[in-house]
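Trainee: need a 3D model of the following:
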Amino acid sequence: ANSTWAIIPAKVMEAYPAGLSQRAFGSGPFMMEEFRGSERIVLKRHPNYFLNPRPWLDEYRIIVITEGSSLLAAFRSGQHDVNGAFLSKADAELLMESDDYIVDKFPSLFYPVIHMKMRPPFNDIRVREAIDLALDRDDFINVIWSGEGLYNGPIQAPQVKWALPQEELRAFYRHDLARAKQLLTEAGFPDGFKTKMKLPQLPGAAVVGDMAVLIKEHLGRVGIDVELDEVELGAFITSTILPGNFDLAFFPNLPYAEPDRPLSFYHSLGVTGTGNWTNYTNPELDKLIDAQAEEYDVEKRREIILQAQRMILPEHGPQLTLPSSFAYAARWKHVHVATAVTSLGLEPLPDAGPFGADVWVDNV
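Mentor: Model (predicted):
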């Protein structure tokens, strides 16, 4: 199950075989009133919503601003009730100083990942291990996350039930430039090599570019000269990641709240069932990933998942996970939401309806 998936009547899918990118159907609390994708999206209250009298809002208006600082400025000036901009620790602390805002802090399920295509030179485990050793994860935490960060294994740290312990990850992910250079020499690259790393252009999240620059700096210390190639987001997904059109790619994986999807990146069949985009295959690992998906006993499943991750780590790929940090959500104090902070982020309260159904505002 995934909270971003919606139930759509079969007759709707049959009526619109080309998809619903420009049409809105579903069973949610709001109905599409206006869609101007590059400007705004206006949602109106569903008068026949099955959880009537919910939703409490008459209108839900989404304003599209792609530049992060402008988006944050619009929130602070009162043009927006809820912040939609990426908030750094410094941004959040500044908002916390005011009684006008409510700011929630929670572990982020987004986790930065380097994807490696399993072809020369990255099909050589010595090269992959050298890259792993060249990455200074503590530097990543200090520079990118202002000193607040968690190490990630194949399953991100906030999934505490399924993730490997922090002490185990910190012991495994050593930073050793001398050993990295030795491994590159053994692999036939005593002077390093040049490569290109593709990443998406995300104007509203400059932190992605900052992370890529730091990766380039770390790998440069062992002679790996990385050229950064920014690709428009849509083209990155359709023409880079999904078809595996890269040698190196950098992209924060989505905030999965369950273990099956993060593990599927390492399965021979990938997330789509037709093959993964790195060309990585490990039949023994496939068996473990399949077994955990079929296991109903929670503790038995947990042991299988931990075993799978411990098999993945010494492979040093095809994905190398980097530390993540905390996320911040901010809203004006007149906005009320039925959520609570958990290890998996902001989660709906047990008696809350679907997203948006239990949001209300004071008269202002």
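Trainee: for the nearest residue to Leu263 once chain neighbours are set aside, grab the count of nearby residues.
Mentor: Excluding its sequence neighbours, the residue lying closest to Leu263 (Cβ to Cβ, 6 or more residues apart in numbering) is Ile289, at 4.9 Å. Where C-beta positions appear, they are placed from N, C-alpha and C, glycine not excepted. Ile289 has 23 neighbours, counted by other Cβ atoms under 10 Å.
Trainee: residues contacting Ile289?
Mentor: 263-264, 266-267, 308 (Cβ atoms under 8 Å, 6 or more residues apart in numbering).
Trainee: which parts of this structure are strands?
Mentor: Under the criterion DSSP state E, strands of the chain are mapped to 30-36, 40-45, 59-63, 101-107, 113-116, 193-201, 224-232, 248-250, 319-321, 326-332, 335-337, 339-342, 345-348, 359-361.
Trainee: tell me which of the ones you listed sits nearest to Ala134.
Mentor: strand 224-232 (7.1 Å; Cβ to Cβ).
Trainee: quick check, nearest of the contacts of Ile289 to Asp210?
Mentor: Lowest distance from Asp210 to these (Cβ to Cβ) belongs to Tyr266, with 26.9 Å.
Trainee: gap between that closest one and Ile312?
Mentor: Using Cβ to Cβ, to the nearest Å, we find Tyr266 at a distance of 6 Å from Ile312.
Trainee: what is the burial count for Glu299?
Mentor: Residues near Glu299, counting by other Cβ under 10 Å: 9.
Trainee: list the contacts for the closest residue to Ala157 other than its chain neighbours?
Mentor: Once flanking residues are discounted, Ala157 sits nearest to Leu150: 3.9 Å by Cβ to Cβ, 6+ apart. Listed by Cβ under 8 Å, 6+ apart, the contact partners of Leu150 are 107, 157-158, 166, 323-325.
Trainee: tell me the one among these nearest to Phe122.
Mentor: Distance to Phe122, by Cβ to Cβ, is smallest for Pro323 among the contacts of Leu150, at 21.7 Å.
Trainee: quick check: pLDDT value at the closest residue to that closest one other than its chain neighbours.
Mentor: Closest residue to Pro323 apart from its sequence neighbours, by Cβ to Cβ, 6+ apart: Gly149 at 4.1 Å. Gly149 carries a pLDDT value of 93.
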